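Asks: Got a predicted structure here, sequence first:
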Protein chains: 2
Amino acid sequence: MADDKVAAPAGDATGEAARHATARSARASALLHDYVELIADLLESTGEARPTDIARRLGVSHATAIKAIARLKREGLAHSKPYRGVFLTAEGQALAAEVKARHRVVVDVLLALGVPPEVAEMDAEGIEHHVSEATLAAFERFLGRARTPD
Amino acid sequence: MADDKVAAPAGDATGEAARHATARSARASALLHDYVELIADLLESTGEARPTDIARRLGVSHATAIKAIARLKREGLAHSKPYRGVFLTAEGQALAAEVKARHRVVVDVLLALGVPPEVAEMDAEGIEHHVSEATLAAFERFLGRARTPD
DNA sequence: CGCAAAATGTAGCCTTGGCTTCAACATGGC
DNA sequence: GCCATGTTGAAGCCAAGGCTACATTTTGCG
């Protein structure tokens, strides 16, 4: 790597293409992340995660939620039996924890930067999916936290 | 507005739904933004924006780029005549300027927070589409710039 | 208990944004 | 002037993520 610095005017098609590809794939996983995060939240706070609750919280129809849940199951992040609630696999739980931690850090950084709380919460919902490990580490350093030693 | 603060554990379906809806719509416009930004860049630096160049820079097939350009035209952001390059409408140019400015601010904030340059450029590509006006203003304040008085 | 309402699941449709394949056009080299 | 090559455009396929409409199952109330 390490081409010639940042954004040459019109020459570096490859580097730019890679950046866009990364952003596209982050967009693709964002949905899964949202579902997993929300399911974890529901399980934690109410003990069960029902499709209609998920749908309502996400602002989509229940059918959409159910299709997404099917995809989660396909990807090994969740499991459920018909008419019973949805649960997370170990992998799903790990992802949820990761996503939730990331969300909190992003919100905290936005707050530290002077963004109003409601707006921070709003924007973080979109931003968090595009924050790489390196950036997350920088955020935590900036917040004066030690990198969470797990 | 102004419900009870931020993120009640499991009760505020509506507020959360709104946040997700906003994130979803930002995701939807992200593509258009990328194209418009890139077209402006190409026009500026090389005088013309050809579909194949656009495709290569974004890392997609030319057919995909052409379909996206058709959508830009439908939305009144660009115009083009067959086999001639693509150009931006006034609206498209305004959007491009806005997007580009936003991109720069996001990158600068990331750099100021200690994110390595290549990573900052990478992450900004995804983050910029989710930064609201309010957050952008906070970013500029943080960077010690006066808010551009339009 | 039995039935109605609510939750859940299924099917089918639409749009977006990827892709490949093929046809049409433009251009440059000979 | 003509053909090869490369760009452009069109068509058709696929998966994802929305939706509505309909079928099924659970649940709980009378």
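Replies: Cool, the structure landed. Numbers count the residues shown, from 1 in each chain, chains lettered A, B, ... in the order given.

Asks: close to DNA strand D, is the least confident helix or strand in chain A by mean pLDDT?
Replies: The helix or strand of chain A with the poorest confidence is helix A:13-46; it has a mean of 94 (mean pLDDT, DSSP states H and E). Yes - for helix A:13-46 and DNA strand D, the contact criterion (C-beta under 7 Å from any atom of the strand) is met by A:28, A:31-32. Using the backbone N, CA and C atoms, a C-beta is placed for each residue, glycine as well.

Asks: Separate out the buried members of those.
Replies: The neighbour count (16 or more other C-beta atoms under 10 Å in any protein chain shown) marks A:31-32 as buried among these.

Asks: got the residues of helix A:13-46 next to DNA strand D as JSON lines, with distance to DNA strand C columns?
Replies: Putting those into JSON lines (distance: C-beta to the nearest atom of the strand, whole Å) gives the following:
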{"residue": "A:28", "distance to DNA strand C": "9"}
{"residue": "A:31", "distance to DNA strand C": "13"}
{"residue": "A:32", "distance to DNA strand C": "16"}
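
Asks: now residue A:94: how far from residue A:40?
Replies: Relative to residue A:40, residue A:94 is positioned 10 Å away (C-beta to C-beta, to the nearest Å).

Asks: These two: who's more crowded?
Replies: Per other C-beta atoms under 10 Å in any protein chain shown, whichever of residue A:94 and residue A:40 has more neighbours is residue A:40, with 20 against 13.

Asks: Now the more buried one: closest residue in space, sequence neighbours ignored.
Replies: Nearest in space to residue A:40, with sequence neighbours left out and distances taken as C-beta to C-beta, 6 or more residues apart in numbering or on different chains, is residue A:96 at 3.5 Å.

Asks: Can you list the neighbours in contact with the strand or helix carrying the one you found?
Replies: Applying DSSP states H and E as the criterion places residue A:96 in helix A:90-112. Outside of helix A:90-112, the residues that reach it under the criterion C-beta atoms under 8 Å, 6 or more residues apart in numbering or on different chains are A:32-33, A:36-37, A:39-41, A:72, A:76-78, A:88, A:117, A:119-121, A:123-125, A:127-128, A:131, A:136, A:139-140, A:142-143, A:148, B:113, B:135, B:138.

Asks: 6 Å instead, please
Replies: For helix A:90-112, the surrounding residues in contact (C-beta atoms under 6 Å, 6 or more residues apart in numbering or on different chains) are A:33, A:36-37, A:40, A:76-78, A:120, A:124, A:127-128, A:139, A:143.

Asks: Stretch A:114-126 now?
Replies: Taking C-beta under 6 Å, 6+ apart as the rule, stretch A:114-126 contacts A:103, A:106-107, A:110-111, B:6, B:19, B:22-23, B:26, B:130, B:132, B:134-135, B:138, B:141.

Asks: So the closest residue to residue A:143 other than its chain neighbours versus residue A:50, what's the distance?
Replies: Once flanking residues are discounted, residue A:143 sits nearest to residue A:108: 5.7 Å by C-beta to C-beta, 6+ apart. Residue A:108 is 31 Å from residue A:50, where distance means C-beta to C-beta.
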